[in-house]
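> Pasting the sequence and the predicted coordinates here, then a few questions.
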Amino acid sequence: MKLKKSTINNIISYGIVIVTFIICQMMISSGSMTRSLKGQMVPICVYIVMAVSLNLVVGISGELSLGHAGFMSVGAFSGIIGAAWLRSVLGVENEILRLVLSMIIGGAFAAIFGVLIGIPVLRLRGDYLAIVTLAFGEIIRNVLNCLYFSLDGNHLRISFNNPNIPGTILVNGPNGAKDVDKIATFPVGFVLILFTLFMVLNLINSRSGRAIMATRDNRIAAEAMGINVTKYKMMAFVTAAALAGMAGALYGLNFSTVAASKFKFDTSILVLVFVVLGGIGNIWGSIIAAALLTVLPELLRAFADYRMLVYAIVLILVMLATNNPFIRSLFDRLIHRRKPATQRGGASE
Amino acid sequence: MVSFLRFFINGISLGSVYAIIALGYTMVYGIAKMLNFAHGDVIMVGAYIAFCAMQYLGLPPIVAVLCAMVVCTLLGIVIEGLAYRPLRQATKLAVLITAIGVSYLLQNTALLIWSSNPKVFPSVFNVGAIRLFDGNLVISSETILTIVANIVIMIALTLFTGKTKMGKAMRAVSEDKGAAELMGINVNRTISVTFAIGSALAAIAGVLLCSSYPTLQPTTGSMPGIKAFTAAVFGGIGSIPGAMIGGLLLGIIEILGKAYISTELGDALVFAVLIIVLLFKPAGLLGKPMREKV
């Protein structure tokens, strides 16, 4: 049996992720991993999924989105509420089952928001699209700051701008969710990464994926070929939103308190930085950049007050260096890739 | 009615600050086609410089503002020269990320120099207030000054871009960089001047913002920066009168929304209005529609 080249590449990708996971697990069980790094494992998984899903929008579909954290917050809060609801109403006690179901709930809600936001957003182009995604991210955060959820017996109660609701409070407006069950685990995060890779790689290598990339490269030509541009852009946008929602649910269930202010504009930008530094449209780049840059602030602890300053300088220097024609040609000569640089795409024309 | 008038005037005052910041955004976008996310942080630097000049050096407010303008102008030119000029040919996203890097850099440098403790900005221009309706409606001198400054800046900029040689060069570069260069215009210098003007305006905006809302922190500039950017898009990015109208409308909507609908949702309302406007006018209120070539 002869496998397709993309299938072989995908299998290699999954293999590398699985091997990395096994190494990490071995390090955890043998105790050679520091405590702070161990605490970072779930956030690393979350940011990897965030970066890969944003790369689907920015790199593959070619639209700059500045509000990805909005979907993460929708997923986080619906996941937290879902987890509490599953335990007290449906009596699901198994933690892993509850976590997975909550992540599905988070992903579903984020997907609904993705559709609602995508309809107006995808009518716009370029920088206007970017600013509207930013605006939606901020609106989601502001509205979440005004919402109160409680579980009163078997009823889920929601109130707007009114903290006095009966039952045990789950989400307390601007203070966010308190006393969350910390049921998120690294193995589930790892499975989420595999699932994300499976979804994204399959989408890219499918007929739909080629249509999405065609609309990115030349919208008018793609339209002339009979491709329904809005449909395919929507497909990428909603898939990314759902994955971000699942990552959000995992993130939310990893901490005992989660407030909406965690999902600010800065978080969207942080994920965008992962995508750009990793290479726009390059899924592996996103994974590596997300993992390294999530750990980097921890490693820079020695610099204490200066670490964000160092981070900023590193960011600027990397951008300057990677865009310097001299350094670029040097790299090209070093690597001697057979494929020329024409494969690069992205929200940049 | 009187309370409505009070909110309305506050809205115009806040909107004027947004408009001045938005002018910086819109000019830079018009000419360099980049979203300068560090602009909000230049505002913060301007406010800190003015604060230090008054608090530690005891300079009079006008001199302090001039100091802030000079420092911010230099800062703008240095940022443009070091961080953005090498990326002239790079992709838009690369420039955007660099701008974000500069923004982090300015914020964290400010954090190291001035610490995160909020500073209370002295009320600089408090020379009395106008009282109307038996003292029910008080218009502070800061409010009046902000509005007057806004109008003066608007007129000066319109004249500058319309009448002077440099202004003409700016318009030429924003229309077509290559053709402008062929006409003998020094494109790099024109872009530097644009950054200088935008940053000087940011310094003024910083002082005006902090005299109305007197807490000064390293993150002071980021939210007004984002809102001013929204204002610039709202009015049609690249258009000077558009930035002015966008800024004023945004300020009024924000204050009235906070007063009559919900304090928590003021910002959400601003962004919602932006989205609605963009859906019906995809290039903003006064923006030129984008033409697409095959």
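That came through fine.
> mind checking how far residue B:163 is from residue B:171?
As for residue B:163, its distance to residue B:171 is 11 Å (criterion: Cβ to Cβ, to the nearest Å). Backbone N, C-alpha and C define where each C-beta goes, glycine included.
> Pairing partners for the worst-scoring helix or strand of chain B on mean pLDDT, with directions?
The weakest-scoring helix or strand in chain B, judged by mean pLDDT, DSSP states H and E, is strand B:129-132 (a mean of 70). Here strand B:129-132 is paired, per DSSP bridges, with strand B:137-140 (antiparallel).
> The least confident helix or strand of chain B: which residues count as buried?
Within strand B:129-132, no residue qualifies as buried by neighbour count (16 or more other Cβ atoms under 10 Å in any protein chain shown).
> Off-centre distance for it?
28 Å (Cα atoms, centre = their mean, to the nearest Å).
> Stretch B:166-175 too?
20 Å.
> for the record, mean pLDDT for that stretch?
Averaged over stretch B:166-175, pLDDT sits at 88.
> ranges for the helices of the stretch 101-250 of chain B?
Using DSSP state H, counting those that start in this stretch, the helices found in the stretch 101-250 of chain B span residues B:141-163, B:165-175, B:177-182, B:187-212, B:222-235, B:240-260.
> and the angle from the fifth one to helix B:187-212?
So that's helix B:222-235. 120 degrees (axes from the mean of the first three to the mean of the last three Cα atoms, to 10 degrees).
> Over to the second one?
The directions of helix B:165-175 and helix B:187-212 differ by 100 degrees, with the same axes, to 10 degrees as the criterion.
> Give me the buried positions along helix B:165-175.
Buried, per 16+ other Cβ under 10 Å, within helix B:165-175: B:167, B:168, B:169, B:170, B:172, B:173, B:174.
> hang on, isn't the last one packed against residue B:28?
No - between residue B:174 and residue B:28 no contact is recorded; they are 10.1 Å apart, counting by Cβ atoms under 8 Å.
> what's near enough to touch residue 253?
Just so you know, I chose chain A. A:79, A:80, A:83, A:99, A:102, A:180, A:181, A:182, A:183, A:184 (Cβ atoms under 8 Å, 6 or more residues apart in numbering or on different chains).
> was after chain B, sorry
Counting by Cβ under 8 Å, 6+ apart, residue B:253 touches B:11, B:269, B:270, B:273.
> Restricted to helices, list those residues.
Among the contacts of residue B:253, DSSP state H puts B:11, B:269, B:270, B:273 in helices.
> Widest-spaced pair of the residues you listed?
Across the ones in helices among the contacts of residue B:253, no pair lies farther apart than B:11 and B:273, at 13.0 Å, counting by Cβ to Cβ.
> Find the nearest non-adjacent residue to the residue nearest the centre of chain A, please.
What sits nearest the mean C-alpha location of chain A, by Cα atoms, centre = their mean, is residue A:50, with 1.2 Å. With Cβ to Cβ, 6 or more residues apart in numbering or on different chains as the criterion, residue A:50 has its nearest non-adjacent residue at 4.7 Å, and that residue is residue A:271.
> same check, this time on residue A:41
The shortest distance from residue A:41 to any residue other than its chain neighbours is 4.4 Å, reached at residue A:186 (Cβ to Cβ, 6+ apart).
> Quick check, residue A:60 in contact with residue A:212.
Yes - at 5.7 Å, residue A:60 counts as touching residue A:212 under the criterion of Cβ under 8 Å.
> Overlap in contacts, those two.
Joint contacts of residue A:60 and residue A:212 (Cβ under 8 Å, 6+ apart) are A:203, A:204, A:236.
> separation between the last one and residue A:280?
Distance of residue A:236 to residue A:280, given as Cβ to Cβ: 14 Å.
> more neighbours, those two?
Between residue A:236 and residue A:280, counting by other Cβ atoms under 10 Å in any protein chain shown, residue A:236 is the more crowded of the two (31 against 24).
> What is the three-state secondary structure of that one?
Recorded secondary structure, residue A:236: helix (DSSP: H, G, I helix; E, B strand; the rest coil).
> pretty sure it is touching residue A:58, no?
No - between residue A:236 and residue A:58 there is no contact under Cβ under 8 Å: 9.9 Å.
> okay, now residue B:117: neighbour count?
Counted with other Cβ under 10 Å, residues neighbouring residue B:117 total 7.
> Who are the packing partners of the one helix or strand residue A:97 maps to?
If you go by DSSP states H and E, residue A:97 is part of helix A:95-121. When contacts are defined as 3 or more Cβ pairs under 8 Å, 6 or more residues apart in numbering or on different chains; DSSP states H and E, helix A:95-121 packs onto helix A:68-88, helix A:126-144, helix A:186-204, helix A:229-252.
> can you tell me if the first one touches chain B.
No - Helix A:68-88 stays out of contact with chain B when judged by Cβ under 8 Å from any Cβ of the partner chain, the minimum separation being 11.0 Å.
> Alpha carbons of that helix, as CSV, please.
The C-alpha coordinates for helix A:68-88 follow below in CSV (Å, rounded to 0.1, in the frame of the first residue of the first chain):
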residue,chain,number,x,y,z
HIS,A,68,-8.7,35.3,19.4
ALA,A,69,-8.6,35.6,23.2
GLY,A,70,-12.4,36.4,23.0
PHE,A,71,-13.1,32.8,21.9
MET,A,72,-10.8,31.5,24.6
SER,A,73,-12.8,33.4,27.2
VAL,A,74,-16.1,32.1,25.9
GLY,A,75,-14.7,28.6,26.0
ALA,A,76,-13.2,29.1,29.5
PHE,A,77,-16.4,30.3,31.1
SER,A,78,-18.8,27.9,29.4
GLY,A,79,-16.4,25.1,30.2
ILE,A,80,-16.3,26.1,33.9
ILE,A,81,-20.0,26.4,34.1
GLY,A,82,-20.5,23.2,32.1
ALA,A,83,-18.1,21.3,34.5
ALA,A,84,-20.1,22.4,37.5
TRP,A,85,-23.4,21.7,35.9
LEU,A,86,-22.3,18.2,34.8
ARG,A,87,-21.3,17.3,38.3
SER,A,88,-24.2,18.6,40.3
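> Could you tell me the angle between it and helix A:229-252?
Between the axes of helix A:68-88 and helix A:229-252, defined by the same axes, to 10 degrees, the angle is 60 degrees.
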